[in-house]
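K.L.:
turn this into a structure:
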Amino acid sequence: MLVLADLFPKLPLGPWVDSGVDWLTDHLGGLFDALQSAGNTVMNTMTSGLMTIPVWLFIIGMTVFSILMFGKKWGIPLFTFVGLIIVENQNLWSDLMNTFTLVIISSLISVIIGVPLGIWMAKNETVNKIIQPILDFMQTMPAFVYLIPAVAFFGIGVVPGVFASVIFSLPPTVRMSNLGIRQVPNDLVEAADSFGSTGKQKLFKVELPLAKGTIFSGINQTLMLSLSMVVIASMIGAPGLGRGVLSAVQNADIGKGFVNGLALVILAIIIDRFTQQLNRTPAEKSETAKPKHHWKGWTAIVVAVAMIGGGVVNSVTSANSQKESIKLVYVQWDSEVASSNVLAQAMKQHGYDVELTPLDNSIMWQSIANGQADASVSAWLPLTHKAQYNKYKSDIDLVGSNLKGAKTGLVVPKYMDVNSIADLQDQAGKKVTAIEPGAGVTSSAEKAMKDYGLDGKGWQVTPSSSGAMAVALGKAIKAKQDIVVTGWEPHWMFQKYDLKYLADPKKTFGDAETLNTMARKGLKEDKPDAYKVLKNFKWTKDDMGKVMLDIQNGKSATEAANDWIKDNQSKVDAWFK
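P.N.:
Predicted coordinates:
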């Protein structure tokens, strides 16, 4: 049988793309660094400005603005007031402000690019034919793919999040701007031409006013798409409500996911209703037209001034001495959530300004290697993170171990009648429930299937997340069913359930592991005191297990960390000597 692949060699599309990205980062690295620095400055300033406004004043101000916009329609003002109070009540206010900043900046950039581009497409058919397939590509490419070049160009944080959001949310504004201009009646355009209108006059006085409704519909869609990117952008360190949703997904925390999702819904509805109100048609405006009330304008000005003034006063009164800052990153495994939060809270207690960012495992290592983050206590060596260590070892400073005696392997409930990986036959439906695809223990499980010949017997490794794995384990144990999972110690599941490791005679999972602290190159010279703390940070499996179990039993990571610090204050103080 003739196969096309035999006639035509496989095109190296992947290597071509890699080479292109490498060329851009090598030759335009300075430009990307400048854009990242400027973007961080703008967005941090905007977020800080929003955060300085007292919460109660912000809620009242937004409620007043909605009353002025919607008049006697009390539904939206009431929703704005109650919704924002709910967000504050759930301690999500700072996340809301970060999300609001990301959405507004990415949408603003999309509008600045999208509207002129859409007009150009409407005026030039050649441009339209070139841009249309590009827009198709942007809209149909999975959004996760945009994270890869975003990290390569801009590292981690809010700037790559905005970059990915702009690519994903730009097409609706472009398409609707193009459509709006094309839908302007030809007789009106011809009338403008007959009166000698210039191209500029025709565009701004005829076409844009008539296309306004369609263009605003595109802008509204762009805002909603930017909001939908919040969770995806959090995978590369973008702050905001997306982090809470991502954490809930990874840990199968339904309540936390709902609360953060609800806050996103509240923000989305408020933004959607406000933009729709700005896009009312002349007919709708005439129906509600009343004599102009200048007091509305003055009221809006007074409220805006009060909010700005409150922010200035709050900023001045809350100003304190500059603290030494440090950026810690971690992967959202239960063990690393515990250790990273304990260290972060301890450093905050001793006067440090700590920025704690959850990342995907590979991006965590990359962020340390390229200097985007200062340190992490989440390096599992020598086996689990062997691939990442070999790739980045020349670009990181391996500070030392912070916990010894860690272990990874395949884990089953003790009631299962199997004791070795080599003894596996048809238990658990010939399936190993694993954690994230990029995790070292998942890769080791896949290698174990080959080493023990289980792949030839139909065994498969099914990646999920650490939270989903734990939920599946709990359900199976409750029903006394067989299950094989990827496990590691320390982990709270060994304290909650009767579990055992399957023997690994071929040492696929290696021997005992150590959890290590790693830092960026130069941290020791830049921040010697913080580096000393990182070097001194050490604790035991029992210590970590206590924090993890508290988190599993309902405490937040911060609460569990602070409780452990309170009970072990002398040990914590020793880290800072």
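
K.L.:
assign residue 432 to helix, strand or coil.
P.N.:
strand (DSSP: H, G, I helix; E, B strand; the rest coil).

K.L.:
just checking, it touches residue 485?
P.N.:
Yes. Shown here, residue 432 and residue 485 form a contact pair, counting by CB atoms under 8 Å, at 7.1 Å. For every residue, glycine as well, the C-beta is placed using N, CA and C.

K.L.:
mutual contacts of these two, please.
P.N.:
residue 410 (CB atoms under 8 Å, 6 or more residues apart in numbering).

K.L.:
lowest confidence element among the helices and strands of this structure?
P.N.:
helix 282-287 (a mean of 54; mean pLDDT, DSSP states H and E).

K.L.:
number of nearby residues for residue 138?
P.N.:
17 (other CB atoms under 10 Å).

K.L.:
show me the contacts for it.
P.N.:
167-168, 170-171.

K.L.:
same question for residue 346.
P.N.:
561, 565, 572, 575-576.

K.L.:
out of these, which are buried?
P.N.:
Neighbour-count burial (16 or more other CB atoms under 10 Å) applied to these gives 561, 565, 572, 575-576.

K.L.:
can I have the buried ones of the contacts of residue 138 as a PyMOL selection?
P.N.:
Under the burial definition 16+ other CB under 10 Å, those of the contacts of residue 138 that qualify are selected in PyMOL by:
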select buried, resi 167+168+170+171
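
K.L.:
could you dump the contacts of residue 138 into a markdown table with secondary structure added?
P.N.:
Converted to a markdown table, the contacts of residue 138 look like this (three-state DSSP):
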| residue | secondary structure |
| --- | --- |
| 167 | helix |
| 168 | helix |
| 170 | helix |
| 171 | helix |
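
K.L.:
residue ranges with poor pLDDT in this structure?
P.N.:
Scanning the chain for pLDDT under 70 picks out the ranges 1-8, 280-298, 300, 303-304, 306-307, 309-323.

K.L.:
would you map the strands across it?
P.N.:
Secondary structure of the chain (DSSP state E): strands located at 325-330, 353-358, 375-381, 396-413, 431-433, 460-462, 484-489, 499-501, 513-520.

K.L.:
of those, which is nearest residue 124?
P.N.:
For residue 124, the closest of the strands of the chain is strand 353-358, at 43.9 Å, according to CB to CB.

K.L.:
for the closest one, packing partners?
P.N.:
Helices and strands touching strand 353-358, by 3 or more CB pairs under 8 Å, 6 or more residues apart in numbering; DSSP states H and E, are helix 241-251, strand 325-330, helix 334-349.

K.L.:
let me see the contact set for the closest residue to residue 416 other than its chain neighbours.
P.N.:
Leaving aside its chain neighbours, residue 416 sits nearest to residue 482 (5.7 Å; criterion: CB to CB, 6 or more residues apart in numbering). By CB under 8 Å, 6+ apart, the residues touching residue 482 are 412-413, 416, 427-429, 476.

K.L.:
same question, residue 468
P.N.:
252, 433.

K.L.:
what about residue 476, how many neighbours?
P.N.:
20.

K.L.:
for it, list the residues it contacts.
P.N.:
413, 482-483.

K.L.:
how much space between it and residue 176?
P.N.:
Residue 476 sits 50 Å away from residue 176, going by CB to CB, to the nearest Å.

K.L.:
and stretch 412-429, how far out from the chain middle?
P.N.:
37 Å (CA atoms, centre = their mean, to the nearest Å).

K.L.:
residue 199: neighbour count?
P.N.:
Residue 199: 11 neighbours (other CB under 10 Å).

K.L.:
distance of it relative to residue 123?
P.N.:
Taken as CB to CB, the span from residue 199 to residue 123 is 9 Å.

K.L.:
residues contacting residue 184?
P.N.:
Applying CB under 8 Å, 6+ apart, the residues near residue 184 are 206-207, 210-211.

K.L.:
okay, and which of those residues map to helices?
P.N.:
Among those, the members falling in helices (DSSP state H) are 210-211.

K.L.:
for the closest residue to residue 444 other than its chain neighbours, what are its contacts?
P.N.:
In space, and not counting its chain neighbours, residue 444 is closest to residue 509: 5.1 Å by CB to CB, 6+ apart. By CB under 8 Å, 6+ apart, the residues touching residue 509 are 383, 407-410, 441, 444, 448.

K.L.:
on that earlier part again, out of the contacts of residue 138, which is nearest to residue 256?
P.N.:
Taking the contacts of residue 138 together and measuring to residue 256 by CB to CB, the closest member is residue 168, at 25.0 Å.

K.L.:
return the residues in contact with the closest one.
P.N.:
Residue 168 touches 138-139, 143, 146, 225-226, 228-229, counting by CB under 8 Å, 6+ apart.

K.L.:
relative to residue 212, how far out is residue 176?
P.N.:
Distance from residue 176 to residue 212, by CB to CB: 11 Å.

K.L.:
which one's more surrounded, these two?
P.N.:
Per other CB under 10 Å, whichever of residue 176 and residue 212 has more neighbours is residue 176, with 24 against 15.

K.L.:
how about the nearest residue to that one, chain neighbours excluded?
P.N.:
In space, residue 176 is closest to residue 218, 2.6 Å off (CB to CB, 6+ apart).

K.L.:
how much space between the closest residue to residue 273 other than its chain neighbours and residue 263?
P.N.:
Nearest residue to residue 273, sequence neighbours excluded (CB to CB, 6+ apart): residue 76, at 5.1 Å. The gap separating residue 76 from residue 263 is 17 Å, by CB to CB.

K.L.:
more neighbours: which of those two?
P.N.:
Neighbour count, other CB under 10 Å: between residue 76 and residue 263, residue 263 has more, with 25 against 20.

K.L.:
so what's the residue nearest to the spatial centre of the chain up against?
P.N.:
The centroid of the chain falls nearest to residue 234 when counting by CA atoms, centre = their mean (0.3 Å). Contact analysis of residue 234 by CB under 8 Å, 6+ apart lists 161, 240, 242-243, 245-246, 358.

K.L.:
redo that, cut-off 6 Å
P.N.:
242-243, 246 (CB atoms under 6 Å, 6 or more residues apart in numbering).

K.L.:
over to residue 230?
P.N.:
Per CB under 6 Å, 6+ apart, neighbours of residue 230: 99, 240, 242.

K.L.:
separation between it and residue 436?
P.N.:
20 Å.

K.L.:
kindly report the same for residue 467.
P.N.:
Taken as CB to CB, the span from residue 467 to residue 436 is 10 Å.

K.L.:
do residue 250 as well
P.N.:
8 Å.

K.L.:
equivalent analysis for residue 340, please.
P.N.:
Taken as CB to CB, the span from residue 340 to residue 436 is 17 Å.

K.L.:
can you check residue 104 too?
P.N.:
31 Å.

K.L.:
which one's more surrounded, the two?
P.N.:
residue 436 (20 against 16).

K.L.:
so who does the more buried one touch?
P.N.:
Contacts of residue 436 (CB under 6 Å, 6+ apart): residue 465.

K.L.:
quick check on it: phi, psi?
P.N.:
Backbone torsions of residue 436, given as degrees, to the nearest 10, read phi -60, psi 150.

K.L.:
so how far is stretch 463-481 off the chain centroid?
P.N.:
The answer for stretch 463-481 is 25 Å, by CA atoms, centre = their mean.

K.L.:
ok, so of the contacts of residue 138, who is nearest residue 82?
P.N.:
Of those, the one sitting nearest to residue 82 (CB to CB) turns out to be residue 168, at 30.7 Å.

K.L.:
any idea how far the closest one is from residue 274?
P.N.:
22 Å.

K.L.:
again, but for residue 179
P.N.:
Where residue 274 is concerned, residue 179 sits at a distance of 23 Å (CB to CB).

K.L.:
same check, this time on residue 378
P.N.:
On the measure of CB to CB, residue 378 and residue 274 end up 41 Å apart.

K.L.:
so between those two, which is more surrounded?
P.N.:
residue 378 (27 against 18).

K.L.:
now do the contacts for the residue lying closest to residue 50 once chain neighbours are set aside.
P.N.:
For residue 50, ignoring the flanking residues on the chain, the nearest one in space by CB to CB, 6+ apart is residue 97 at 4.4 Å. Shown in contact with residue 97 (CB under 6 Å, 6+ apart): 47, 50-51.
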